[in-house]
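[1] got a sequence here, can you build the structure:
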Amino acid sequence: MLEYIKELIKDKSVLILGFGREGRSTYKWLLRAGGYKKLGIADCRNIEEHFETEVSLHCGTDYQNAMNEYDIVFKSPGIVLEHEEAYYSCMLVSEVEIFLRCYRDKIIGITGTKGKSTTTSLIYHILKSAGKDALIAGNIGIPVFEIADDVHDDTIVVLEFSSHQLEYVTVSPHVAVLLNIHEEHLDHYGTMEKYVAAKKRIYLNQEKDDIFFVNKTCLPEADERHGRMVTLCHDMQCVQPFAVNSDESEAADIFIGADFILYKGRRFDIPVDDVKLLGHHNHFNIGVAYGVCSLYGVTDEEFANGLISFDPLPHRLQNIGTIDGVTYYDDSISTICDTAIQALNSIKNVGTIIIGGMDRGIDYRELIEYLGKAPVDNIILMYATGKRIYEEIKASYGDFEKPERLIPVDDLAEAVSTAKRVTKKGMACVLSPAAASYGYFKNFEERGEKFCELVKSL
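    As a prediction, this is how the structure comes out:
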């Protein structure tokens, strides 16, 4: 990869757009490569640190204005460009783009609105436990440049891709996985069509010998299919409203039942009493991992052993303890309707659910209609979306059963103290916000950590 970067930036002016963890790893590789004509860094924040070589800084609200002064711009994911791509005369690249160009044949790429971190981590863990030379990186929190020196001939690279990382890439991984597509990140993309277009890049540039695992509700159009497609569905699946296409008459290649997986004439029984992943949506993730790991010669015994030893990531239906007979679950990762519904379907005896966060304008009708019939005693509604859901139910849902279950509160601290007061012993209390954390917390991790802290202080 180093030689590729050397050739790419030789005698060119290069700008790093965004100087977070990924931008810093890009900076180190550009210094190793050398040979550039000029190096710049642009960030909305002020950068006050010593650099090993001469660097031009572009900081503040107009930091993007310098882009066309450079030949090549390494863009960090999550930065929203102020203009359409065609406006820029510079070459737009990213760490992920460069990594894909160099190592695409070794890469398993996973994306989806929900479940991608769990599925990425699970595939990596099972491959490693089966003795494979595997690496993990991407949106999981590890910039791809940080693992590049460890890629060898037999290495399998498992990458989680966010829509932001996929938005401008022109290369797709050898093995691509699209788990699902739900309404999300409209504050970034503006329309659902643009969000879907970004997700499509996981497979759009695949070649005929590549493999594409896809949720049956997200089937691509015929002219978009390039690699060999492996379809997945499960017995509780319903057609998602934002599916690219769907043909329920075709049988899926991988079928995930309540506690088993069918694939290529084989049946794998999920050891549900021994695995720590809760909920049928996680059984779907297990089914994806089963299909992917089968490509690399993982036996059923090796898969089962890896599955049983896998520890779920924090803030994903995480049991954080029982206090005064009430069991508390942290599902702070939940930012859409579907994940809150999955939480209620996955945990037995939910007495209280805590919902709410930043209002990004998504449609909560699906969640409201589900809650209207759900056997949950208390629905605690906090922050902007909680207030909005409460007002929408009062105004437009006269058939909402037992509206006295709705309890509006101001914030997470009041939600936890209220949950302690109203949740009956022997029941569960679940934080599954169905909303973004921004504006109240730095990210969903901080929200989950605060919830755990509040619960443990009860």
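[2] in the sheet, who's paired with residue 231?
    residue 214 (DSSP bridges).
[3] separation between it and residue 256?
    With distances taken as Cβ to Cβ, to the nearest Å, residue 231 is found 12 Å from residue 256. (Glycine included, C-beta is placed from N, CA and C.)
[4] the more surrounded of those two?
    residue 256 (28 against 20; other Cβ atoms under 10 Å).
[5] now that one: phi and psi?
    phi -110, psi 110 (degrees, to the nearest 10).
[6] and it, bridged to which residues?
    residue 234, residue 261.
[7] from here on, call the first residue 92.
    With the count now opening at 92, the last piece we talked about shows up as residue 347.
[8] residues touching it, list them.
    Neighbouring residues of residue 347 by Cβ atoms under 8 Å, 6 or more residues apart in numbering: 323-326, 374-375, 377-378.
[9] and what of residue 130?
    The contact partners of residue 130, by Cβ under 8 Å, 6+ apart, come to 104-107, 121, 144-147.
[10] show me which of these are buried.
    The neighbour count (16 or more other Cβ atoms under 10 Å) marks 104-107, 121, 146 as buried among the contacts of residue 130.
[11] among these, which lie within helices?
    Among the buried ones among the contacts of residue 130, the members falling in helices (DSSP state H) are residue 121.
[12] between the buried ones among the contacts of residue 130, which is nearest residue 194?
    residue 121 (18.5 Å; Cβ to Cβ).
[13] wait, that closest one touches residue 103, no?
    No: the pair residue 121 / residue 103 is not scored as a contact, 10.5 Å apart, by Cβ atoms under 8 Å.
[14] touching both of these two, which residues are there?
    The contact lists of residue 121 and residue 103 share residue 127, where a contact means Cβ under 8 Å, 6+ apart.
[15] okay, now the unreliable bits of the stretch 192-341 of the chain?
    Filtered on pLDDT under 70, the stretch 192-341 of the chain yields the residue ranges 276-279, 326-341.
[16] which residue ranges form the strands in it?
    198-202, 225-229, 247-251, 266-269, 302-306, 319-325 (DSSP state E, counting those that start in this stretch).
[17] so which of these gets nearest residue 240?
    strand 225-229 (10.4 Å).
[18] quick one: distance of that closest one to the chain centre.
    Averaging C-alpha positions (Cα atoms, centre = their mean, to the nearest Å) puts strand 225-229 15 Å from its chain's average.
[19] ok, now stretch 126-138?
    Centroid separation between stretch 126-138 and its chain, computed with Cα atoms, centre = their mean, is 29 Å.
[20] and for stretch 241-257?
    That offset, for stretch 241-257, works out to 14 Å (Cα atoms, centre = their mean).
[21] what's the answer for stretch 148-159, then?
    For stretch 148-159, the distance to the chain centre is 29 Å (Cα atoms, centre = their mean).
[22] closest to residue 493 among the buried ones among the contacts of residue 130?
    residue 107 (54.9 Å).
[23] I'd say the closest one and residue 131 touch.
    Yes: between residue 107 and residue 131 a contact is recorded at 7.1 Å, counting by Cβ under 8 Å.
[24] excluding chain neighbours, what is closest to residue 460?
    Distances taken as Cβ to Cβ, 6 or more residues apart in numbering put residue 488 closest to residue 460, at 7.9 Å, once the chain neighbours are dropped.
[25] no, scratch that, I was asking about residue 102
    Closest residue in space to residue 102, ignoring its immediate chain neighbours: residue 128 at 5.3 Å, by Cβ to Cβ, 6+ apart.
[26] show the pLDDT at the one you found.
    The model reports residue 128 with a pLDDT of 97.
[27] contacting residues for it?
    102-104, 162.
[28] go on, residue 136?
    Contacts of residue 136 (Cβ under 8 Å, 6+ apart): 110, 150.
[29] ok, now residue 96?
    Taking Cβ under 8 Å, 6+ apart, one finds 120-121, 124, 189 in contact with residue 96.
[30] change it to 10 Å
    Residues near residue 96 by Cβ atoms under 10 Å, 6 or more residues apart in numbering: 105, 117, 120-121, 123-127, 165, 184, 189, 193, 236, 239.
[31] quick check: the residue positioned nearest the centre of the chain vs residue 237, distance?
    Central residue of the chain (Cα atoms, centre = their mean): residue 207, 4.6 Å from the mean position. According to Cβ to Cβ, residue 207 and residue 237 sit 19 Å apart.
[32] likewise residue 372?
    30 Å.
[33] got it, and residue 225?
    Residue 225 is 15 Å from residue 237, by Cβ to Cβ.
[34] of these two, who's got more company?
    residue 225 (21 against 17).
[35] who does the more buried one form a beta bridge with?
    residue 247.
[36] that one: what's it in contact with?
    The neighbourhood of residue 225, defined by Cβ under 10 Å, 6+ apart, consists of 197, 199, 214-219, 245-249, 387.
[37] quick one: stretch 274-289 to chain centroid distance?
    14 Å.
[38] measure that stretch end to end?
    For stretch 274-289, the first and last residues are 13 Å from each other (Cα to Cα, to the nearest Å).
[39] tally of neighbours for the closest residue to residue 245 other than its chain neighbours?
    Using Cβ to Cβ, 6+ apart and skipping the chain neighbours, the partner closest in space to residue 245 is residue 224 (5.0 Å). Residue 224 has 15 neighbours, counted by other Cβ under 10 Å.
[40] then the one 5 residues further on?
    By the criterion of other Cβ under 10 Å, residue 229 has 27 neighbours.
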